[in-house]
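S.K.: 3D model of this:
(2 chains)
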Amino acid sequence: KAGVTQTPRYLIKTRGQQVTLSCSPISGHRSVSWYQQTPGQGLQFLFEYFSETQRNKGNFPGRFSGRQFSNSRSEMNVSTLELGDSALYLCASSLESTNEKLFFGSGTQLSVL
Amino acid sequence: DQQVKQNSPSLSVQEGRISILNCDYTNSMFDYFLWYKKYPAEGPTFLISISSIKDKNEDGRFTVFLNKSAKHLSLHIVPSQPGDSAVYFCAASGMMRSQGNLIFGKGTKLSVKP
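M.R.: Residues are numbered from 1 along each chain as shown, chains lettered A, B, ... in the order given. Here you go, the predicted structure:
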């Protein structure tokens, strides 16, 4: 069974631009969540989608948004990029909308210059 | 304010010895705890979990201990192997097992020396 796939692996953008990250969950998994990892802050929850509906949202500004498609694939968008948005963005999938065991992708490393 | 704290950013252990990674939490409503392991350039992978109704859970070389009164949990790896070198994240959840209810610590980097 293929794991969680995130594209692209690396991304370099400049301040003010926007970016879209993609995540394909494990086949059959209906929940997709997004996390931001920075060296000083660990993993911080962004949002979760389940069956195309946003279930939970973390404490991030409205510049961070996402969506989920009918095939459970998810995209995350960040608009008006800031230097502080530089981070590893991780996507995790699970069968149901629980946090008991998440399967993470390898992440997208975003650098904002 | 950090609800889940991993106070040691790094730990170095000799191969074959025991590795003990510690995690403290402040929220007494947490009742489910997990450990994830992360290698460079890979996403975290689930390692082991424990519910608050238990004080110990074992899986092969990995054992997690929970001390509810001290709000402390620890992960023991015995014996440690070079392949265990990774960043270990502790995470805690309340009774609502929703994604947004999962709080991660900042991680401890374990280095196992041959």
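S.K.: can we go C-alpha only for contacts and neighbour counts from here?
M.R.: OK.
S.K.: okay, now the unreliable bits of the chain?
M.R.: Using chain A here. Applying pLDDT under 70 to chain A flags residues A:1, A:97, A:99.
S.K.: try again with chain B
M.R.: B:1, B:97, B:99.
S.K.: residue A:79: neighbour count?
M.R.: 15 (other C-alpha atoms under 10 Å in any protein chain shown).
S.K.: wait, it sits on residue A:66?
M.R.: No. Counting by C-alpha atoms under 8 Å, residue A:79 does not reach residue A:66; the two are 11.1 Å apart.
S.K.: phi first, then psi, for the closest residue in space to residue A:6 that isn't next to it in sequence.
M.R.: Of all residues not flanking residue A:6 in the chain, residue A:23 sits nearest, at 4.5 Å (C-alpha to C-alpha, 6 or more residues apart in numbering or on different chains). Backbone geometry at residue A:23, expressed as degrees, to the nearest 10, gives phi -140, psi 130.
S.K.: check contacts around residue A:23.
M.R.: Contacts for residue A:23 (C-alpha atoms under 8 Å, 6 or more residues apart in numbering or on different chains) come out as A:4, A:5, A:6, A:7, A:73, A:74, A:75, A:91, A:105.
S.K.: give me that answer again for 7 Å
M.R.: Contacts for residue A:23 (C-alpha atoms under 7 Å, 6 or more residues apart in numbering or on different chains) come out as A:5, A:6, A:7, A:73, A:74, A:75, A:91.
S.K.: all strands for the chain, in order.
M.R.: Using chain A. For chain A, the strands defined by DSSP state E occupy A:5-7, A:10-13, A:19-24, A:31-38, A:42-50, A:53-57, A:64-68, A:74-78, A:87-94, A:103-104, A:108-112.
S.K.: try chain B instead
M.R.: Taking DSSP E as the criterion, chain B carries its strands at B:4-5, B:10-14, B:19-25, B:32-38, B:45-51, B:56-59, B:62-67, B:72-77, B:86-93, B:102-104, B:108-113.
S.K.: contacts for the longest one?
M.R.: Under the criterion C-alpha under 7 Å, 6+ apart, residues B:23, B:30-39, B:101-111 lie in contact with strand B:86-93.
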